[in-house]
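Student: I would like to see how this sequence folds:
(2 chains)
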There are 2 protein chains.
Amino acid sequence: MVKIPKSHPRYWSLYYREKIIEGMEKGITAKAGLIAHGRGEAFDYLIGEKTIPPAEEAMKAAVAKLLLAEHPVISVNGNVAALVPKETVELAKALGAKLEVNLFYRTEERVKKIAEVLYEHGAEEVLGINPTKFIPGLESERAKVDERGIWKADVVVVPLEDGDRTEALVKMGKFVITVDLNPLSRSARMADITIVDNIIRAYPRMIELAKEMKSWDKERLQDVLKSYDNSKVLSDVLIHIRDRLTRLASEGVWRKERLD
Amino acid sequence: MVKIPKSHPRYWSLYYREKIIEGMEKGITAKAGLIAHGRGEAFDYLIGEKTIPPAEEAMKAAVAKLLLAEHPVISVNGNVAALVPKETVELAKALGAKLEVNLFYRTEERVKKIAEVLYEHGAEEVLGINPTKFIPGLESERAKVDERGIWKADVVVVPLEDGDRTEALVKMGKFVITVDLNPLSRSARMADITIVDNIIRAYPRMIELAKEMKSWDKERLQDVLKSYDNSKVLSDVLIHIRDRLTRLASEGVWRKERLD
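Tutor: Numbers count the residues shown, from 1 in each chain, chains lettered A, B, ... in the order given. I've put the predicted structure just below:
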């Protein structure tokens, strides 16, 4: 990994950029994943690089739904494995969910490498190595899922996912939770719960929420879900971005930072 | 290079994505450059993938300043060399500016390869091969500049540049012009003139402007600069993005697409 001076004002952004590059070099992240990461960075800028209230609300509903689920599954792709391998394993444990490697640009080698990364970070079981089922409506390579994982799941978390696949899962009757920085992406639009946040902030927060909400009774969890409205949450995100841009435009962004 | 059908609605975006990947494969673009490119793509999408009036205004002021400069220098990095090598050389000629290779992730090999690309496209001189000076306030690898180039320059164009370096150049007393699709980046905020546009559109337009404005007298060029306000230009860009997002959002977000 290239060394970034800790003094750089955007150290963390550069740090995770290096993580994605390292992921590509190790063969766990696809090249297209690098460009997708860049797109995410752009939307994170617009949001303000912090967790906003509609994302917090979505995370709470997501955790409630996952704790109520019978067969919750967390999907893992090359970008997720590069950015938050440890947090992915911890989140699955905190929720009692299964982990399944699921790739848009699937190669057996990448699947195996990602599974290895998850095992290194403490996963007990990783599904998706030998998928025997196919999501209906998708061309075969993109459709492969594990019979004991996504195929059987009632609730699935598909972070940083392709829109077509998110939609196909919704059509299968799955309850779909996504994490996506672009509130206008097809994944964001199609999912049942859309967490518009950077996964490097969202997963740690979801682990906290899972630990806290685990002791809640069913009714309380169901109440969280009943009052949740994904359409409103997505609108709130857009309003947040709109208001932030308005505020920045009126305050002026030019040389308002350092230059001491 | 992967062949993209010319009929594809986003042909040019995909074409330049392939150019960046090709640049990486040839060793002229850093891997982190792919991520930066993805970020640019997202902002370009938000802007509407065309040159907007505040960018046109900024380009006109930039060209005026460059024509008035005593030692104008155009900096070239791996992304610029992959996307607009021919236009970079042409712009330098039209402005009577020097060219300097200047990399965030500097390796001697990449510097040489980029210089070669510029020579292939007709450059007469390329600086930055043997930099002997250091921009104050930056850690050494990131600070290297050419004594006859950026070091001596009164006006520098640093397209697609890191924010820390842009700021350091401003602190040195340089007049800094940047081209950056992200109006909230530190480079955009720190530069004296910020052209929020895709470099593939900006450089050809700046070449036209340079040819046209070359015959103007000093006073007329100075008048362009006097009426220029970078803070207002950046605010105008933010308002443009805000209005476009609002329009995109009003068309409906959640499950307003397919799910047939």
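
Student: got the CA positions of stretch A:114-123 in PDB?
Tutor: Included here for stretch A:114-123 are C-alpha records, laid out as PDB according to Å, rounded to 0.1, in the frame of the first residue of the first chain:
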ATOM      1  CA  ILE A 114     -13.100 -13.200  -0.700                       C
ATOM      2  CA  ALA A 115     -14.200 -16.200   1.300                       C
ATOM      3  CA  GLU A 116     -10.700 -16.500   2.600                       C
ATOM      4  CA  VAL A 117     -10.600 -12.900   3.600                       C
ATOM      5  CA  LEU A 118     -13.900 -13.400   5.600                       C
ATOM      6  CA  TYR A 119     -12.500 -16.600   7.200                       C
ATOM      7  CA  GLU A 120      -9.300 -14.700   8.200                       C
ATOM      8  CA  HIS A 121     -11.600 -12.200   9.900                       C
ATOM      9  CA  GLY A 122     -13.300 -14.800  12.000                       C
ATOM     10  CA  ALA A 123     -16.200 -16.000   9.800                       C
END
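
Student: what about the helices in the stretch 101-250 of chain A?
Tutor: If you assign secondary structure with DSSP state H, counting those that start in this stretch, the helices in the stretch 101-250 of chain A sit at A:108-120, A:140-143, A:163-171, A:186-190, A:199-213, A:218-226, A:230-251.

Student: Remind me what the first one packs against, helices and strands.
Tutor: In this structure, helix A:108-120 makes packing contacts with helix A:78-83, helix A:85-95, strand A:98-101, judged by 3 or more Cβ pairs under 8 Å, 6 or more residues apart in numbering or on different chains; DSSP states H and E. (Glycine included, C-beta is placed from N, CA and C.)

Student: can you tell which of the ones you listed is closest to chain B?
Tutor: Closest approach to chain B among those (Cβ to the nearest Cβ): helix A:78-83, 11.0 Å.

Student: Against which helices or strands is that closest one packed?
Tutor: The criterion is 3+ Cβ pairs under 8 Å, 6+ apart, and the helices and strands that helix A:78-83 contacts are helix A:11-25, helix A:31-47, helix A:108-120, helix A:199-213.

Student: Show the contacting residues for A:N130.
Tutor: When contacts are counted by Cβ atoms under 8 Å, 6 or more residues apart in numbering or on different chains, A:N130 is found next to A:D146.

Student: Mind checking which residue lies nearest the centre of chain A?
Tutor: A:P159 (2.8 Å; Cα atoms, centre = their mean).

Student: who's in contact with that residue?
Tutor: Going by Cβ under 8 Å, 6+ apart, A:P159 touches A:S75, A:N77, A:V80, A:T178, A:V179, A:D180, A:I199, A:A202.

Student: These into CSV, with extra columns for pLDDT and neighbour count?
Tutor: Written out in CSV, the entries for the contacts of A:P159 read as follows (pLDDT from 0 to 100; neighbours: other Cβ atoms under 10 Å in any protein chain shown):
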residue, pLDDT, neighbour count
A:S75, 98, 29
A:N77, 96, 25
A:V80, 98, 29
A:T178, 98, 27
A:V179, 98, 29
A:D180, 97, 26
A:I199, 98, 22
A:A202, 98, 25
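
Student: and which of the residues you listed is nearest A:K31?
Tutor: A:N77 (13.6 Å; Cβ to Cβ).

Student: any idea how far that closest one is from chain B?
Tutor: Using Cβ to the nearest Cβ, to the nearest Å, one obtains 16 Å as the distance from A:N77 to chain B.

Student: Check chain A for the residue nearest chain B and tell me.
Tutor: Proximity to chain B, evaluated over chain A using Cβ to the nearest Cβ, is greatest for A:G38 at 2.2 Å.

Student: show me the contacts for that residue.
Tutor: Listed by Cβ under 8 Å, 6+ apart, the contact set of A:G38 reads B:L34, B:I35, B:A36, B:H37, B:G38, B:R39, B:G40, B:E41, B:A42.

Student: So which residues on the stretch 151-260 of chain A come close to chain B?
Tutor: On the criterion Cβ under 8 Å from any Cβ of the partner chain, chain B has as its neighbours in the stretch 151-260 of chain A the residues A:167, A:170-171, A:182-184, A:186, A:188-190, A:230-231, A:234-235, A:238, A:241-242, A:245-246, A:248-250, A:252-259.

Student: Good, wrapping up.
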